[in-house]
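[1] model the following, please.
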Amino acid sequence: MKQGIIIETNKGREEMFDNLMRSINTHYQVLPVYRNDFELGAIAHAVYNTDLDEFLFLHDTCEIKNNSLFELVFETHKGKSVALADHPCIFGMYLGKYKREVLNKILLPKAHTKLEAVEYEIEFNNLYCKTDGDVQIISNPLHNNDIFCEMFGRKNMKLENDYLIKYKATWSRSML
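    Below you'll find the predicted structure:
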């Protein structure tokens with residue numbers, strides 16, 4: 001089974017990407033995906049341009065606190081989909097391990113705007129979970145809170161658990 005890590009990033013986000021890369025210590029293949037079509041574009045890239053059977057999707061605005069996360073998702077839950085967040089739905093922010101065999105059964109929509117990407121976050125991931133039927137959710141999954149910090153020259157909502165931190169710049173539809 002081929003497994004890897006897909007990181008959505010883009011030009012101008014080097015500080016974020018470098019911060020994440022410094023925090024990763026694993027033997028699993030790490031593939032940055034430079035796209036302008038949001039999370040679903042990176043997920044589609046992984047499906048259509050790699051031979052990975054399962055991949056962990058991360059934003060460049062994540063930071064790994066405990067690299068045992070990779071053993072948890074790839075070994076403990078081998079062959080299973082694993083969500084890292086439960087807000088606003090399972091696989092919130094698209095964070096988690098996706099399986100090619102499930103993705104091949106559903107239509108991968110294209111988001112043309114940030115608003116569309118936010119709307120698909122629920123629609124697409126609910127369909128993914130329904131199609132899979134057996135999604136694992138890590139203990140203490142990420143979800144919105146009232147903790148904020150300055151990072152990358154901006155205000156972020158800081159989502160955190162034992163495994164990772166997500167520095168979230170958009171936490172309300174009114175910010176779109």
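
[2] what sits against T26?
    For T26, the contacting residues are I5, N67, F70, by Cβ atoms under 8 Å, 6 or more residues apart in numbering. (C-beta placed from N, C-alpha, C; glycine too.)

[3] which ChimeraX command selects the buried ones in those?
    With 16 or more other Cβ atoms under 10 Å as the criterion, this ChimeraX line picks the buried residues out of the contacts of T26:
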select :5,70
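
[4] can you lay out the contacts of T26 as CSV showing pLDDT?
    CSV is the format used below for these (pLDDT from 0 to 100):
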residue, pLDDT
I5, 98
N67, 98
F70, 98
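
[5] for the contacts of T26, which one is nearest K110?
    I5 (22.8 Å; Cβ to Cβ).

[6] please, which helix or strand holds Y48?
    helix 38-49 (DSSP states H and E).

[7] look at the closest residue to L40 other than its chain neighbours and give its secondary structure.
    The spatial neighbour of L40 that comes closest, neighbours along the chain excluded (Cβ to Cβ, 6 or more residues apart in numbering), is A111 at 5.2 Å. What DSSP: H, G, I helix; E, B strand; the rest coil gives for A111 is coil.

[8] and for the one 5 residues further on?
    Classification of E116 by three-state DSSP places it in helix.

[9] ok, now which ones touch it?
    F38.

[10] and if you look at K105?
    Applying Cβ under 8 Å, 6+ apart, we find K105 in contact with T131.

[11] I'd like the contacts of T26 as a markdown table, with distance to L84 appended.
    Shown next, in a markdown table, are the contacts of T26 (distance: Cβ to Cβ, whole Å):
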| residue | distance to L84 |
| --- | --- |
| I5 | 12 |
| N67 | 14 |
| F70 | 12 |
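
[12] just the closest of the contacts of T26 to F57, please.
    I5 (8.1 Å).

[13] so that closest one sits in a strand?
    Yes: counting by three-state DSSP, I5 falls inside a strand.

[14] what's the distance between it and L69?
    10 Å (Cβ to Cβ, to the nearest Å).

[15] can you give me the strands in this protein?
    For the chain, the strands defined by DSSP state E cover 3-9, 29-34, 54-59, 62-64, 81-85, 96-99, 135-142, 148-151, 154-160, 164-168.

[16] what packs against the shortest one?
    Just to be clear, that refers to strand 62-64. For strand 62-64, the packing partners by 3 or more Cβ pairs under 8 Å, 6 or more residues apart in numbering; DSSP states H and E come out as helix 14-23, strand 164-168.
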